[in-house]
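Participant: I would like to see how this sequence folds:
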Amino acid sequence: NQAAMAGRLGGAAVAMLGCVGRDDAGEMLRRALVDCGVDIAAVAQDDASATGTAFITVEAAGENTIVIDAGANAAVTPELVNARSGAFEGVSVVVCQNEVALASTAAALRLAKANGALTIFNPAPAPEPSSTAGDGEAGHLDEALASTDIVMPNESEAAVMLGDRDREFLADSDFEQAAVALQRRGFLATVVTAGARGAVLVSRFNETPQWVRPPPVQGSVRDTSGAGDCLIGAFAARLAAEIGSSPPSSDAPLLSALRYGCTAASLSVQADGCQSSYPSREAVEALLV
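Facilitator: Numbers count the residues shown, from 1 in each chain. Predicted coordinates:
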């Protein structure tokens, strides 16, 4: 979803590394990515596994619950990632999620840093913190975070990463405190996304939490499925266009990209589905004028 959103916006070349099954679902996903302008040369096809699937239920208010069957995502091994190291050459921004093995995510983030890219880690689903994860997973999580420039969890993922799964997020200050706590780990920046509230940024450039709110839009919330992916894909695409091959030297490009992402996400929730609800570049920029 994130790659599809970034590709749909244009302005930056987008490629994806991953794995699907050699089945109808895999072919459908590959075609959908190509239709969004995404290079799929690094997307493998696995003969032994079905394509990973997400089962989504949507409440009347538009909130969703997602159950994931990893399928061929489990075939994304560190060896597969390293065999596609050429995909990281000349890339300015690399985004990783947590839907493949942490060892593979760590390998991808290491390759990205070795090639001079700015790295974004969206820890979804939330990885257990090192204090509670098994020995192997704890080490891989630490490796992944060590190669992360910008970490972008939502509130539930931030809570798990902070070792407090039951932590409540009611007021803006709850999101701010989580962002500040995560930023103490030394990232370039931490962004905690907050649904309809927008997102809060804390960075090396400014330790004071800064909110980016979604713009007012007409229409009601129909389906929040994939809205977080929409935000992150749009954020990454905009950030790549803003910084080129140079790392950010201030908050300005981060805030600009975050406004772009929040605007895209606020439009996506007004339609059903994930990629089918993602807005065009023209629709996003019309709200930013």
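Participant: in stretch 243-257, what counts as buried?
Facilitator: Using 16 or more other CB atoms under 10 Å as the test for burial, stretch 243-257 gives 243, 248, 251, 253-257. C-betas here are computed from N, CA, C, even on glycine.
Participant: can you redo those as a markdown table with pLDDT?
Facilitator: Output for these, formatted as a markdown table (pLDDT from 0 to 100):
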| residue | pLDDT |
| --- | --- |
| Ile243 | 93 |
| Pro248 | 94 |
| Asp251 | 96 |
| Pro253 | 97 |
| Leu254 | 98 |
| Leu255 | 98 |
| Ser256 | 97 |
| Ala257 | 97 |
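Participant: can I get those residues in JSON lines with distance to Gly228?
Facilitator: As requested, those are exported to JSON lines (distance: CB to CB, whole Å):
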{"residue": "Ile243", "distance to Gly228": "22"}
{"residue": "Pro248", "distance to Gly228": "22"}
{"residue": "Asp251", "distance to Gly228": "22"}
{"residue": "Pro253", "distance to Gly228": "21"}
{"residue": "Leu254", "distance to Gly228": "17"}
{"residue": "Leu255", "distance to Gly228": "19"}
{"residue": "Ser256", "distance to Gly228": "19"}
{"residue": "Ala257", "distance to Gly228": "15"}
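Participant: give me the secondary structure label for Asp39.
Facilitator: strand (DSSP: H, G, I helix; E, B strand; the rest coil).
Participant: check the buried residues of stretch 243-257 against Ala146 and report the nearest one.
Facilitator: Pro248 (19.3 Å; CB to CB).
Participant: what about the closest one, distance to Gln97?
Facilitator: 22 Å (CB to CB, to the nearest Å).
Participant: listing request: residues of the stretch 151-289 of the chain with sub-threshold pLDDT.
Facilitator: Along the stretch 151-289 of the chain, the model assigns pLDDT under 70 to no residue.
Participant: now the helices for it?
Facilitator: 155-161, 172-183, 227-243, 252-268, 281-288 (DSSP state H, counting those that start in this stretch).
Participant: return the most buried member of those.
Facilitator: Highest mean neighbour count among those (mean count of other CB atoms under 10 Å): helix 227-243, with a mean of 26.
Participant: list the helices and strands it packs on?
Facilitator: helix 2-9, strand 93-96, strand 118-121, strand 189-193, helix 252-268 (3 or more CB pairs under 8 Å, 6 or more residues apart in numbering; DSSP states H and E).
Participant: in CSV, list these along with distance to Ser280.
Facilitator: Putting the helices and strands packed on helix 227-243 into CSV (distance: least, CB to CB, whole Å) gives the following:
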stretch, distance to Ser280
helix 2-9, 7
strand 93-96, 20
strand 118-121, 23
strand 189-193, 22
helix 252-268, 9
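Participant: closest one to Glu207 among those?
Facilitator: strand 189-193 (10.3 Å).
Participant: angle of that closest one against helix 227-243?
Facilitator: 150 degrees (axes from the mean of the first three to the mean of the last three CA atoms, to 10 degrees).
Participant: now for strand 189-193, which elements pack on it?
Facilitator: Strand 189-193 packs on strand 150-151, helix 155-161, helix 172-183, strand 199-203, helix 227-243, helix 252-268, going by 3+ CB pairs under 8 Å, 6+ apart.
Participant: between these, which one is nearest to Phe88?
Facilitator: Once those are compared by CB to CB, helix 227-243 is nearest, at 13.7 Å.
Participant: now that closest one against helix 252-268, angle please.
Facilitator: Using the same axes, to 10 degrees, helix 227-243 lies at 150 degrees relative to helix 252-268.
Participant: tilt between helix 227-243 and helix 2-9?
Facilitator: 50 degrees.
Participant: alpha carbons of helix 227-243, as CSV, please.
Facilitator: Coordinates of each C-alpha in helix 227-243 appear next as CSV, following Å, rounded to 0.1, in the frame of the first residue of the first chain:
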residue,chain,number,x,y,z
ALA,A,227,-5.0,5.3,5.9
GLY,A,228,-1.8,4.9,7.8
ASP,A,229,-0.1,3.4,4.8
CYS,A,230,-1.4,6.2,2.7
LEU,A,231,0.1,8.8,5.1
ILE,A,232,3.5,7.1,5.2
GLY,A,233,3.7,6.5,1.4
ALA,A,234,2.8,10.1,0.7
PHE,A,235,5.2,11.3,3.4
ALA,A,236,8.1,9.3,1.9
ALA,A,237,7.4,10.4,-1.6
ARG,A,238,7.2,14.0,-0.7
LEU,A,239,10.3,13.8,1.5
ALA,A,240,12.3,12.2,-1.3
ALA,A,241,11.2,15.0,-3.7
GLU,A,242,12.1,17.6,-1.0
ILE,A,243,15.6,16.4,0.0
